[in-house]
Every structure is written in structure tokens, then in C-alpha cells.
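Asks: sequence plus predicted model, see below.
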Amino acid sequence: MLFRSTESIKKNVGVVGLSGGIIEPLEATSLFLTYLMVIQLNKHLSDNKPANVLNRNLKKIFDHTANYVLFHYTLSGKKHNEYWRYFNELENKLKTLDYMKEMASKPDTKQWKNELLFHPYHHWALLDGYGIN
């Protein structure tokens, strides 16, 4: 479901697109992440920041996006086969509902608008769609 490079930039090589990471099953998510990688890499090179700054930023973005996608699976309520039972058990381990509630309660800031695909109101709307307030 989630693959991401641990180092998006190393020495004189930067990864972009699917070589940097993928979150299945959403193709649009991959397009956004590819776009964001290019923007972040350009900003990184322009600002001449250390590689660990870019690596940390992209890890945060990938993990945030993966958590949003994962929520659809862990709280689907489906239990009719092993696949869906796995995600129900994963919710018990990861507590994705707690994460979603936390994200939904955050104020909408410039960070959300510039760096992340899913804003606090996306989290709130998703929770509301599942009947969770």
C-alpha cells in the first residue's frame, strides 16, 4: 500500500515520481506526490538546504497522505474476508481514528495549503461521511 524512499535526495541524486514513493490505490495521489517532489526538490536546490531537510519533509508528506488513504480501509467496517479483517485489526494497532480526529481538529494554516494534500477539513468531512463526530 505504501512505499517511499527513505532518502529522497542523496549526494547529487534526487528521486521523483514513482521512484520516490507510491501510495496505492489512488493514481491522483501519485500525481500529486510527483508534483510535490518536483516542487520540493526545486525549493531544496534553490535554498541550498541540507538533504536531510528535504528527506524529512517528504517523509512527513508521504506518511500524512498514506494515513489519510489508510483510514478508508481501517474504518470501512467490512469484515467479510481476510483482506478486510486485516485492516480492522490494523486499526486496533495503529489507531487511525485517533489520528483522523486529531487532524480534523487542527486549524487551517498556511502549512496545509502549501505542503499537504489533505487539509483539516478533508479529515473532518471524511469522519462525517463515516458518521463519526
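Replies: Alright, I've got the coordinates.
Asks: what comes up buried for stretch 11-18?
Replies: Buried residues in stretch 11-18, defined by neighbour count with 16 or more other Cβ atoms under 10 Å: Gly14, Val15. Backbone N, C-alpha and C define where each C-beta goes, glycine included.
Asks: quick one: average pLDDT of it?
Replies: Stretch 11-18 shows a mean pLDDT of 76.
Asks: over to stretch 76-85?
Replies: 88.
Asks: would you list every one of the helices in the protein?
Replies: 27-47, 51-74, 82-94, 96-104, 110-115, 120-129 (DSSP state H).
Asks: other residues contacting the second one?
Replies: Right, the one you point to is helix 51-74. With contact meaning Cβ atoms under 8 Å, 6 or more residues apart in numbering, helix 51-74 is reached by 1-2, 4, 6-11, 14, 20-21, 23, 26, 29, 32-33, 36-37, 40-41, 44, 84, 87-88, 90-91, 94, 96-97, 99-100, 103, 115-118, 122-123, 126.
Asks: try the last one
Replies: Judged by Cβ under 8 Å, 6+ apart, the contacts made with helix 120-129 from elsewhere in the structure are 68, 71-72, 100-101, 103-108, 112, 133.
Asks: how about a cut-off of 7 Å?
Replies: Helix 120-129 has contacts (Cβ atoms under 7 Å, 6 or more residues apart in numbering) with Phe71, Met100, Lys101, Met103, Ala104, Lys106, Asp108, Trp112, Asn133.
Asks: coming back round to it: any of the contacts of helix 51-74 buried? List them.
Replies: Applying 16+ other Cβ under 10 Å to those flags 4, 7-9, 14, 20-21, 23, 26, 29, 32-33, 36-37, 40-41, 44, 87, 91, 96, 99-100, 103, 116-118, 122-123, 126 as buried.
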